[in-house]
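[1] no sequence on this one, just coordinates:
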C-alpha cells in the first residue's frame, strides 16, 4: 500500500548495479541488502510514501544492515556485549580460500543468558533468523556489511577455521558410526 518515490527507485537501481557492466547479471548478494534497506526505510516512514530521504536516513544500501547491527549492539547490556562476539562468530563458516558464509547453529550451543539475550535482540531486529532448533544470520551480507563483525572474524580467522575443521571431522566421525580410527 506504499507509494515509492521515483528518485528512490533510480538510486536503488544505480546502487544495486554499481560495478556491473551493461547486461551483466545482478549479484544475488545485493538482494538481501536491498530488502533490509527498504525494510528499515519503511520503518521510518510516516505516511504512504517511501522516499529517498528515508532511505538515506536508513543508511542506504551499504549502511542499513551495519546501522541496524550497531544499534542492536549498543542496546545490549555490558554482559551481553561481551558475549556478542563469541555468540555471533559461531554463526560463521570460515574455510581457507573460500568466502565466509553463514553457519546454521543448534540453539543448544548458546546456553548462557547473555548469549540468549544477544540472539533474541538480533532476531527481533531481523539480523538473525531462527526456528525451534536452529539459528543463523538472516543476511549473508552481514558478514561484510557490518565492520564490527568483520573485524571479529578477521581477529580470530585461524581459530574459526580450526573450529570448522573440527566440526567437519566430528560429522564424519558420527556418519561413520563413531569409528574410533577417525578420532583425533
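    Cool, got the structure. Small disclaimer: the values here were computed from a predicted structure and weren't measured.
[2] Looking at this protein, which helix is longest?
    Ranked by residue count under DSSP state H, the longest helix found in the chain is helix 157-175.
[3] What mean pLDDT does it get?
    Average pLDDT, helix 157-175: 87.
[4] Ok, stretch 125-136 next?
    Here the average pLDDT along stretch 125-136 is 92.
[5] buried stuff in that stretch?
    Using 16 or more other Cβ atoms under 10 Å as the test for burial, stretch 125-136 gives 125, 126, 127, 128, 130, 135, 136. For every residue, glycine as well, the C-beta is placed using N, CA and C.
[6] Next: stretch 35-46.
    Residues of stretch 35-46 classed as buried: 35, 36, 37, 38, 40, 41 (neighbour count, 16+ other Cβ under 10 Å).
[7] Now do the end-to-end distance for stretch 143-161.
    15 Å (Cα to Cα, to the nearest Å).
[8] show me the contacts for residue 60.
    11, 15, 37 (Cβ atoms under 8 Å, 6 or more residues apart in numbering).
[9] For the nearest residue to residue 137 once chain neighbours are set aside, grab phi and psi.
    Nearest non-adjacent residue to residue 137, counting by Cβ to Cβ, 6 or more residues apart in numbering: residue 102, 3.9 Å away. Phi and psi for residue 102, reported as degrees, to the nearest 10, are phi -80, psi 150.
[10] any idea how far residue 102 lies from residue 61?
    Between residue 102 and residue 61 the computed distance is 19 Å (Cβ to Cβ, to the nearest Å).
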